[in-house]
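1. Quick one, fold the following:
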Amino acid sequence: MTTIGLALALWSGCASAAPTPRPMVYAPLWSPQAQFAGYYMAEAKGFYRKRGLDVTILQGGPDMPADALLRERKADFGTLWLSEAIRLRAHGVRLVNLAQTSQYSALVLVAMKSSGIGKPADMKGKKVGLWESFQILPRAFFKKYGVSVREVRQSHSVNLFLRGGVDLASAMIYNEYHTMLNSGLEPRELSVFRFDEYGLNSPEDGIYALEATYRKDPARACAFAMASLEGWDYAFSHQDEALEVVLQRMRAAHIPADLIHQRWMLDQMRELFQDRSSRVLTGRLKPEDYARTAQVLVDGGLIQAAPAFDSFLAPCAERDAR
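-> Residues are numbered from 1 along each chain as shown. Have a look, this model is predicted:
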């Protein structure tokens with residue numbers, strides 16, 4: 001049985017597909033890149049259409065935030081971080097998780113080994129670059145390990161870290177970390193702190209819709225999630241073909257396209273999406289990951305109480321394993 005075959009066996013709500021394609025809109029979290037290769041492949045290979053969906057994939061980017069497009073009903077489906085989706089739900093935006101593509105946190109902290117930082121205790125008093133929108137998990141990490149750091153606002157670039165302006169930088173393992181390696185650094189020169197390895201796993205990318213959208217037509221919503229997972233499985237199994245489609249998307253959006261970087265990104269997405277034990281693309285949100293992420297938000301003062309897991313999860317996937 002193939003990976004997607006195993007994933008299909010875990011899904012029960014997607015069996016019925018509408019015969020006539022219906023226009024739907026998907027909003028990625030960011031500009032075209034391999035982070036969204038599965039959706040591009042689902043569209044290119046006809047996985048959406050065979051499930052009765054005529055999907056338009058928006059370009060995405062900082063001027064097209066997926067959460068706003070969902071709230072304004074300019075998109076039917078979108079990719080959001082789990083932490084942001086919980087925060088929005090807790091503040092009244094009734095989102096539901098259709099599938100959890102990412103299973104592990106890609107957000108990391110990186111230090112030069114030459115700085116003497118090799119464990120959390122070594123961070124005490126150090127300058128740490130944090131992205132304004134992604135501070136909550138690093139702060140939970142500092143709190144857990146009892147270290148006080150000097151926070152420095154980090155831009156989208158890691159140049160401040162490369163020039164020695166901060167001792168640690170925030171990075172996505174599929175993006176900025178590779179930029180560091182491309183600058184001439186070797187992995188053996190860097191200390192990488194992955195939150196999932198320190199008991200703070202908070203997986204990011206998931207597929208979301210407004211609860212009203214889901215309830216209006218659950219079969220179509222689940223069909224979108226299932227077709228997207230099939231697209232991801234195809235992208236991981238046919239990387240050269242997927243990367244060519246990604247590069248076409250990037251060129252059409254007038255974004256510099258770097259094949260080596262996009263290949264790195266796609267490789268990392270596979271590691272983040274597949275279960276490390278079974279190597280299966282499950283698309284399932286684990287209740288323990290939900291609870292941990294919600295508690296981090298409560299402890300950080302971003303929400304007062306976590307929404308109930310059952311209310312947050314659309315029943316596209318079979319739930320026996322919860």
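
2. So Glu43 belongs to a helix, correct?
-> Yes - using DSSP: H, G, I helix; E, B strand; the rest coil, the secondary structure at Glu43 is a helix.

3. So it versus Ala257, what's the distance?
-> Going from Glu43 to Ala257 by CB to CB, to the nearest Å gives 18 Å. Yep, even glycine has a C-beta here, placed from its N, CA and C like the rest.

4. Which one of those two is surrounded by more residues?
-> A direct count of neighbours by other CB atoms under 10 Å for Glu43 and Ala257 places Glu43 higher, at 22 against 18.

5. what packs against whichever strand or helix holds Val110?
-> Using DSSP states H and E, Val110 falls within strand 107-112. For strand 107-112, the packing partners by 3 or more CB pairs under 8 Å, 6 or more residues apart in numbering; DSSP states H and E come out as helix 136-144, strand 168-172, helix 176-182, strand 190-194.

6. List the pairing partners of it within its sheet, with orientation.
-> strand 168-172 (antiparallel), strand 190-194 (antiparallel) (DSSP bridges).

7. following it, which helix or strand comes up?
-> Later in the chain than strand 107-112, the nearest helix or strand by DSSP H and E is strand 127-130.

8. Can you name the residues in contact with that following strand?
-> Identification of contacts with strand 127-130 by CB atoms under 8 Å, 6 or more residues apart in numbering yields 109, 138, 149-154, 158, 160-161, 165-170.

9. hmm, 10 Å instead?
-> Applying CB atoms under 10 Å, 6 or more residues apart in numbering, the contact partners of strand 127-130 are 109-111, 135-139, 142, 147, 149-155, 157-158, 160-161, 164-171.

10. Would you list the buried entries among those?
-> Among those, the ones that count as buried by 16 or more other CB atoms under 10 Å are 109-111, 135-139, 142, 147, 149, 152, 154, 158, 160-161, 166-171.

11. Give the rounded mean pLDDT of stretch 251-265.
-> For stretch 251-265, mean pLDDT is 95.

12. Report the backbone C-alpha coordinates of it in PDB.
-> In PDB, the C-alpha atoms belonging to stretch 251-265 read as follows (Å, rounded to 0.1, in the frame of the first residue of the first chain):
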ATOM      1  CA  ARG A 251       8.100  33.000 -12.400                       C
ATOM      2  CA  ALA A 252       4.500  33.900 -13.100                       C
ATOM      3  CA  ALA A 253       4.500  35.800  -9.900                       C
ATOM      4  CA  HIS A 254       7.800  37.500 -10.800                       C
ATOM      5  CA  ILE A 255       9.500  36.000  -7.800                       C
ATOM      6  CA  PRO A 256      13.200  34.900  -8.100                       C
ATOM      7  CA  ALA A 257      13.200  31.100  -8.600                       C
ATOM      8  CA  ASP A 258      16.100  29.100  -7.200                       C
ATOM      9  CA  LEU A 259      15.800  25.400  -8.000                       C
ATOM     10  CA  ILE A 260      18.300  24.300  -5.300                       C
ATOM     11  CA  HIS A 261      16.600  26.200  -2.600                       C
ATOM     12  CA  GLN A 262      13.100  25.000  -3.600                       C
ATOM     13  CA  ARG A 263      14.400  21.400  -3.700                       C
ATOM     14  CA  TRP A 264      15.700  21.900  -0.100                       C
ATOM     15  CA  MET A 265      12.300  23.300   0.900                       C
END
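
13. how about that stretch: buried residues?
-> By neighbour count on 16+ other CB under 10 Å, the buried set for stretch 251-265 is Ala257, His261, Gln262, Arg263, Trp264, Met265.

14. Could I get those residues in a markdown table, plus columns for secondary structure and distance to Asp196?
-> Converted to a markdown table, the buried residues of stretch 251-265 look like this (DSSP: H, G, I helix; E, B strand; the rest coil; distance: CB to CB, whole Å):
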| residue | secondary structure | distance to Asp196 |
| --- | --- | --- |
| Ala257 | coil | 30 |
| His261 | helix | 23 |
| Gln262 | helix | 24 |
| Arg263 | helix | 23 |
| Trp264 | helix | 19 |
| Met265 | helix | 18 |
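
15. ok, the residues you listed vs Arg73, which is closest?
-> Of all the buried residues of stretch 251-265, Arg73 sits closest to Met265, with 30.2 Å by CB to CB.
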